[in-house]
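J.: Model the following, please.
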Amino acid sequence: MAVGRQATDATALSGPFWAHLQAERFQTVSSIRGLPLGVRDGLQASFGSQALDLAEPGAEFRMTDVVVNPNLPTRRLVAAGCSTDHCLVYFERGGIAHTWHVALFHWTPAGTRFEWSATAPGGIATIDDVRKAILSGAIKGRQP
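T.: Model (predicted):
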């Protein structure tokens, strides 16, 4: 799983996922702790970090490759939402190139699995706007 890394053969969400996402209603998640533990673990694994390298929305993070405070995360949550069986996470990543990413996870109390990820445009304000951009084909990514 490589959340935040877009394959060169970017595609829109596949038919079954697209139809499910179209009917899905996400409840806004306003903090990292509001995400299910399995989703947080999935993000951490995809980042390849010892801890979840993700700042809260609006919090400081390392936006550029100039490291002023090495204790700051390199990513920041922008928007997230969960339905009864999926979580959609939109975050930004600092560094030489400031980029935005989206990840879709299937989750239940029994387990969590990565479904899809993409590089996304910046400036999307809400998780519903992220969902609409995916459905319109404006955000294309990869499936495992």
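J.: just the helices in this protein please.
T.: Listed in chain order, the helices found in the chain under DSSP state H are 15-23, 37-47, 127-136.
J.: Could you check the angle the last one makes with helix 15-23?
T.: For helix 127-136 against helix 15-23, the angle between stretch directions is 140 degrees (axes from the mean of the first three to the mean of the last three CA atoms, to 10 degrees).
J.: Return the set of buried residues in helix 127-136.
T.: 127, 130-131, 133-135 (16 or more other CB atoms under 10 Å). In short, each C-beta sits where N, CA and C put it, glycine included.
J.: what packs against that helix?
T.: With contacts defined as 3 or more CB pairs under 8 Å, 6 or more residues apart in numbering; DSSP states H and E, helix 127-136 has these neighbours: helix 15-23, strand 75-82, strand 86-93, strand 111-120.
J.: Of all the ones you listed, which one comes closest to I139?
T.: Shortest separation from I139 across the helices and strands packed on helix 127-136 is recorded for strand 111-120, at 4.9 Å, computed as CB to CB.
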